[in-house]
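> Predicted structure and sequence below. I'll ask about it afterward.
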Protein chains: 2
Amino acid sequence: MFIPVIDAEDPRIADYRAVRERDVVGRGERFVAEGEVVLRLLLGTRSRHVAQSLLVGESRLAAVEPLLTDLPGATPVYVASQAVMDAVVGFHIHRGLLAIGRRASTPDAAALLAGLPERALVVALSGVSNHDNVGGIFRNAAAFGAAAVLLDGASCDPLYRKAIRVSVGASLITPFSRGASSEAMLDALEAERFEVLALSPSGDRLLSEVERTPRIALLLGAEGPGLAASLMARAKTVRIPMAAGFDSLNVAATSAVALYALTL
Amino acid sequence: MFIPVIDAEDPRIADYRAVRERDVVGRGERFVAEGEVVLRLLLGTRSRHVAQSLLVGESRLAAVEPLLTDLPGATPVYVASQAVMDAVVGFHIHRGLLAIGRRASTPDAAALLAGLPERALVVALSGVSNHDNVGGIFRNAAAFGAAAVLLDGASCDPLYRKAIRVSVGASLITPFSRGASSEAMLDALEAERFEVLALSPSGDRLLSEVERTPRIALLLGAEGPGLAASLMARAKTVRIPMAAGFDSLNVAATSAVALYALTL
């Protein structure tokens, strides 16, 4: 349903107002998705969430129309000039394409894990609060076919706008849970018989020497503090060999290497 | 040599003025380095470049002093309040620690390669213009012990402030060349008997099946356009296996996986 909008103050597009400022305060059940690659996933069959509305620059309409074929007819697609779009959003939307999504309910870790097949690789994040890193980890998880991502309450929301963008939409299609303590996350993994591999520069076995088990959870912590000793003690600790004098990989890069090695 | 500065207009700290604006226009032979981890590398024995001056917040001075033991006595260390520092730089420097570096001369690709040992792994970048990606690739190159990074003229400067920061200083210690065309870069690699492995989702052999040769160059292109067909035709093309329906890794993540696999 195309709806022309000519006034940045139009209340029908109030959800798109001051996007950056509202990133900070949060949007509850809603989230903002931007750009063609991300919108294709949000509007596709693999998305776990739904588009509540779209805001499209009038010059982008022809390019965007193919994405809309499966959109329920009642979903409003607001069409505006670039100037109106930029004025509502508060910065220049050079991709000319935004959506407000409504998130599906987030399962807890136990419910999420209970639904997975007997063979499954998942990623578990403890205190990863940087949006770029969480987005990058979701992108890698999707690229290597991880079944789910578990986040503790100190890790950031994968549906934060920047995390979605950096994930190139992977956080819209990958099942995740979020909110429990890291300890409760490990409890749930142990109850479902996941072998927990804690990645750390001080891990005591090499990634290349890890034996595969049917259910594996890669446990990753924030750069800097790393994983708490109490969590490491409950896991097999694993390291990626590094050159002398430079023993640190970014946590998203670590996830790529570990997912590659465990899915070879 | 500690020099107190109490006035943001002090001409002695003019190099620190309006850091972000000058990122855009470039600084010629100079660059800006920020934060303790990066400064430790810039001031250490492995740095290829020199610090011309430092600007340190007075509250950080005690923490920073251990880094300065090897600093030539003539190098000025300007000490300012946080307020003066923020006013000069133009934004809040929460790490309280900046340096102006002077870059060493950049060798061309042929000269750089000629100085490498008989066994060497290098990374070659064609059109990688995103600072986060170049920074991430340098960090991975250092972590896995790559001997050098070659950048074509369309790739961005590894000593751009953000690239240094994302590399956590790796771009200060890793030899690199920059500026030639991608074709000239491949000419230089071939002349020095490097086996060029072009990473691409359409590569015709699996990364895990690549035979090691003494001298290997990993060739990476920008996301989106990828590597030009004319470059792929001159290389062995290699792919990282991906899950169905999501066949793209970020180029920095790609470099981490490939460097891991080739240094196992």
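Thanks, I have it. Numbering: from 1, shown residues only, chains lettered A, B, ... in the order given.

> C-alpha only now, for contacts and for neighbours.
Fine.

> just for the stretch 101-250 of chain A, where's the confidence low?
Across the stretch 101-250 of chain A, nothing is flagged by pLDDT under 70.

> A:G44: what's it in contact with?
Listed by C-alpha atoms under 8 Å, 6 or more residues apart in numbering or on different chains, the contact set of A:G44 reads A:D70.

> Checking it next. Helix, strand or coil?
coil (DSSP: H, G, I helix; E, B strand; the rest coil).

> do you know how far it is from A:L172?
A:G44 is 10 Å from A:L172, where distance means C-alpha to C-alpha, to the nearest Å.

> again with A:S129
18 Å.

> Compare these two (neighbour count), which wins?
A:L172 (27 against 20; other C-alpha atoms under 10 Å in any protein chain shown).

> Look up phi and psi at the more buried one.
Backbone torsions of A:L172, given as degrees, to the nearest 10, read phi -90, psi -20.

> Go ahead and confirm it touches A:H49.
Yes - A:L172 is within contact range of A:H49, at 6.7 Å (criterion: C-alpha atoms under 8 Å).

> list residues touching both of the two?
With C-alpha under 8 Å, 6+ apart, A:L172 and A:H49 have common neighbours A:L42.

> Apart from its chain neighbours, what residue comes closest to A:P107?
A:S177 (5.5 Å; C-alpha to C-alpha, 6 or more residues apart in numbering or on different chains).

> Shouldn't the one you found be within a strand?
Yes - according to three-state DSSP, the state of A:S177 is that of a strand.

> That one contacts A:V149, doesn't it?
Yes - counting by C-alpha under 8 Å, A:S177 touches A:V149, with 6.8 Å between them.

> Looking at those two, which one has more neighbours?
Neighbour count, other C-alpha under 10 Å: between A:S177 and A:V149, A:V149 has more, with 27 against 24.

> Tell me who's in contact with the more buried one.
Residues in contact with A:V149 (C-alpha under 8 Å, 6+ apart) are A:V122, A:V123, A:A124, A:L125, A:F138, A:A141, A:T174, A:P175, A:F176, A:S177.

> Mind doing that once more with 7 Å?
A:V122, A:V123, A:A124, A:P175, A:F176, A:S177 (C-alpha atoms under 7 Å, 6 or more residues apart in numbering or on different chains).

> Closest to chain B out of those?
Set against chain B, the nearest of these by C-alpha to the nearest C-alpha is A:V122 (14.0 Å).

> Doesn't the closest one lie inside a strand?
Yes - per three-state DSSP, A:V122 lies within a strand segment.

> and it, how many neighbours does it have?
Residues lying near A:V122 (other C-alpha under 10 Å) number 24.

> Could you do the one 4 residues further on as well?
Applying other C-alpha under 10 Å, we find 25 other residues in the vicinity of A:S126.

> The one 5 residues further on now?
A:H131 is flanked by 22 other residues according to other C-alpha under 10 Å.

> Report the contact partners of the spatially most central residue of chain A.
Taking C-alpha atoms, centre = their mean, the centroid of chain A lies closest to A:S171, which sits 3.0 Å from it. Taking C-alpha under 7 Å, 6+ apart, we find A:S171 in contact with A:F138, A:P158, A:L159, A:I164.

> Same question for A:G73.
Counting by C-alpha under 7 Å, 6+ apart, A:G73 touches A:M1.

> gap between it and chain B?
Applying C-alpha to the nearest C-alpha, to the nearest Å, the value for A:G73 to chain B is 26 Å.

> same question, A:G226
Applying C-alpha to the nearest C-alpha to A:G226 and chain B gives a distance of 16 Å.

> And for the nearest residue to that residue once chain neighbours are set aside, the neighbour number?
Nearest non-adjacent residue to A:G226, counting by C-alpha to C-alpha, 6+ apart: A:S200, 7.3 Å away. Using other C-alpha under 10 Å, A:S200 has 23 other residues around it.

> Hmm, A:S200 is touching A:P241, no?
No - contact criterion C-alpha atoms under 7 Å: A:S200 and A:P241 do not qualify, at 10.3 Å.

> Can you tell me the element A:R20 falls in?
Element membership of A:R20 [criterion: DSSP states H and E] is helix A:19-25.

> Contacts made by that helix with the rest, please.
For helix A:19-25, the surrounding residues in contact (C-alpha under 7 Å, 6+ apart) are A:V89, A:G90.

> pLDDT (mean, whole number) over that helix?
Across helix A:19-25, pLDDT averages out at 84.

> and that helix, how far from the chain's centre?
18 Å (C-alpha atoms, centre = their mean, to the nearest Å).

> Over to stretch A:60-80?
From the chain centre to the centre of stretch A:60-80 is a distance of 24 Å (C-alpha atoms, centre = their mean).

> Report the mean per-residue pLDDT for that stretch.
90.

> how's chain A carved up into domains?
A:2-102, A:109-263 (automatic domain parsing).

> what's the span of the shortest one from first residue to last?
So the one you mean is domain A:2-102. 19 Å.

> rewinding a little: pick the most deeply packed of the domains of chain A.
Comparing those by mean neighbour count (mean count of other C-alpha atoms under 10 Å in any protein chain shown), domain A:109-263 comes out on top with a mean of 20.

> which residues of the stretch 101-250 of chain A fall in helices?
With DSSP state H, counting those that start in this stretch, the ranges of helices along the stretch 101-250 of chain A come out as A:109-114, A:131-143, A:161-166, A:170-173, A:182-191, A:229-232.

> where does chain A come near chain B, residue by residue?
Within chain A, the positions adjacent to chain B are A:140, A:142-145, A:242-243, A:246-249, A:253, A:256-257, A:260 by C-alpha under 7 Å from any C-alpha of the partner chain.

> Could you identify the most distant pair in those?
A:G145 and A:F246 (29.6 Å; C-alpha to C-alpha).

> Isn't A:R48 up against A:L172?
Yes - using C-alpha under 7 Å, A:R48 is in contact with A:L172, at 6.1 Å.

> Touching stretch A:76-84 from outside, list them.
Contacts for stretch A:76-84 (C-alpha under 7 Å, 6+ apart): A:1-8, A:53-58.

> For the residue lying closest to A:L55 once chain neighbours are set aside, what is the enclosing helix or strand?
The shortest distance from A:L55 to any residue other than its chain neighbours is 4.7 Å, reached at A:Y78 (C-alpha to C-alpha, 6+ apart). Using DSSP H and E, A:Y78 sits in strand A:77-80.
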